[in-house]
Structures are given as structure tokens and as C-alpha cells.
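[1] quick one, what's the 3D model for this:
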Amino acid sequence: MSEECDLSTVLAILDDEYARSILTETSVEPMSASTLSERCDASLPTIYRRIDRLKECQLVTEETELAPDGNHYSVYSANLDRLELSLGDGEFAFELSYREQDVADKFTDMWEGMR
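    Numbering: from 1, shown residues only. Now for the predicted structure:
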């Protein structure tokens, strides 16, 4: 993933109706871009653009699934657990909390980081 996102970037992403729909849909179960396109009533290019922005701030994760015909495709899951925004001493502060990954996901991340 890229560097940490600042508050204005996160708020700009969450201000987008399609990005919020993607997060809402993928918080229930992992979904492919084509399924998200149908559920969010958006074109595939729109879905992919929003997914790219969500991934930049680690708000969604991407996994590869194997189709019965041997092909593979990506599915996306919401990774955002909580966003805390506070105001004190003349400035805003925020903290993003991410969902806990299971042991298999942690192992995959570790393995990919070693390559």
C-alpha cells in the first residue's frame, strides 16, 4: 500500500457515494468488481477507480479467488473498522482502525512481503 493517508484524503474518499457503497457492500462479504458494479449501480471503470482510491488508504483489501474453470479474479473486502475524529488544541486528529485479519491472511501478507 502507499504511504499513510491524511485526513483530507480519507474524508474526500468517504464523501464519494460510490466509495461508501463499495465499503457498505464489502463489509458484509467479499465481492468481485462486477458484482459491485451491479450492486452499486455503477460502471466497472467507476468501481475500479474507487477501489484504487480505497486501497490507497487501506480501506479495502484485495484477494484472488480461483474460479471453477481455472481462471482467477479479485474480490474485495472492507478493511475499515472505525474512524475516530477529534478536535483539540486548535486542530483535528483522526485515527483509522482496521479489521483484524485472520492467521492465514497474516501469513499471506508476511510471505508476500518476503518476496
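
[2] got the contact list for stretch 72-90?
    7, 10, 14, 22-24, 26-27, 29-33, 36, 51, 54, 58-67, 92-100 (CB atoms under 8 Å, 6 or more residues apart in numbering). Heads up, the C-betas are built off the backbone N, CA and C, glycines and all.

[3] mind giving me the ChimeraX select for these, buried ones only?
    Buried subset of the contacts of stretch 72-90, written as a ChimeraX selection, criterion 16 or more other CB atoms under 10 Å:
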select :10,22,23,26,30,31,33,36,51,54,59,60,61,96
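
[4] for the chain, which spans come out with low pLDDT?
    Across the chain, the ranges flagged by pLDDT under 70 are 1-3, 101-115.

[5] for Glu91, see how far away the residue nearest in space to the middle of it is.
    By CA atoms, centre = their mean, the chain has its centre lying nearest to Val60, at 1.2 Å. Val60 sits 28 Å away from Glu91, going by CB to CB, to the nearest Å.

[6] check Leu80 too.
    From Leu80 to Glu91 the distance is 23 Å (CB to CB).

[7] so what's Glu65 bridging to?
    Tyr73 (DSSP bridges).

[8] for it, give me its contacts.
    Pro30, Ser32, His72, Tyr73, Ser74, Val75.

[9] wait, what's in contact with the second one?
    Listed by CB under 8 Å, 6+ apart, the contact set of Ser32 reads Glu65, Tyr73, Ser74, Val75, Tyr76.

[10] give the contact list for Leu44.
    Ala33, Ser34, Ser37.

[11] what's the neighbour count on the last one?
    Summarising burial for Ser37: neighbours were counted as other CB atoms under 10 Å, giving 18.

[12] separation between the residue in the chain sticking out farthest from the centre and Ser97?
    Most distant residue from the mean C-alpha position of the chain: Asp89, 31.3 Å away (CA atoms, centre = their mean). Distance from Asp89 to Ser97, counting by CB to CB: 22 Å.

[13] swap in Tyr76?
    19 Å.
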